[in-house]
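1. Just to be clear, the model below is a prediction. Sequence and coordinates:
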Amino acid sequence: MGASKRYAEHYDAVGEERLVARAAAAGPLRTLTRAELELDVLPVTTNPRPERVRAWVRFGDEPLRVRAEAVMWTATAVAIRFHASGTEYRCWVWSSAVAGRQT
């Protein structure tokens, strides 16, 4: 007897929330600095309909891949937001840390 595919996404999300909680205990969510973002040089695009993505983030030195929404970007970085255990997290990551549209 196999596992139910109906609830797979729910259990994946629950597991991810536990991983985020554990990683958050390792330190604060890290984001790119203003100097790294070069916001005074690079234009910023705001997405009116945020795209679902998978992104690598760091809490302290703990790396973690999360389901997120890409809300803004530059030529080199993406601003993402994601939720876990009732908390919204926001940070900027390098664009290479983000994998495109997810369902």
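-> Okay, I see it.
2. all contacts plus neighbour counts: C-alpha atoms, from now on.
-> Noted.
3. ok, the nearest residue to Ala24 once chain neighbours are set aside - contacts?
-> On the basis of C-alpha to C-alpha, 6 or more residues apart in numbering, the spatially nearest residue to Ala24 that is not a chain neighbour turns out to be Phe59, at 5.4 Å. Shown here is Phe59, whose contacts under the criterion C-alpha atoms under 8 Å, 6 or more residues apart in numbering are Ala23, Ala24, Ala25, Ala26, Gly27, Pro28, Leu29, Arg30.
4. now for these, which pair is the farthest apart?
-> Every pair in the contacts of Phe59 was compared (C-alpha to C-alpha); the two farthest apart turn out to be Ala25 and Arg30, at 12.8 Å.
5. These two - which one has more neighbours?
-> Each of Ala25 and Arg30 has its neighbours counted (other C-alpha atoms under 10 Å); Arg30 has more, 17 against 12.
6. my guess is the more buried one contacts Glu62, does it?
-> No: using C-alpha atoms under 8 Å, Arg30 is not in contact with Glu62, being 9.8 Å away.
7. Mutual contacts of the two, please.
-> Residues within reach of Arg30 and of Glu62 at once, by C-alpha under 8 Å, 6+ apart: there are none.
8. Can you classify Thr31 as helix, strand or coil?
-> Assigned state for Thr31: coil (three-state reduction, DSSP: H, G, I helix; E, B strand; the rest coil).
9. So what's the residue count around it?
-> 17.
10. looking at it, it is touching Trp92, isn't it?
-> Yes: A contact is recorded between Thr31 and Trp92 when judged using C-alpha under 8 Å, the distance being 5.0 Å.
11. Can you name the next helix or strand after the longest strand anywhere in the chain?
-> Under DSSP state E, the strand in the chain containing the largest number of residues is strand 45-59. Of the helices and strands lying after strand 45-59 in sequence (DSSP states H and E), the nearest is strand 62-73.
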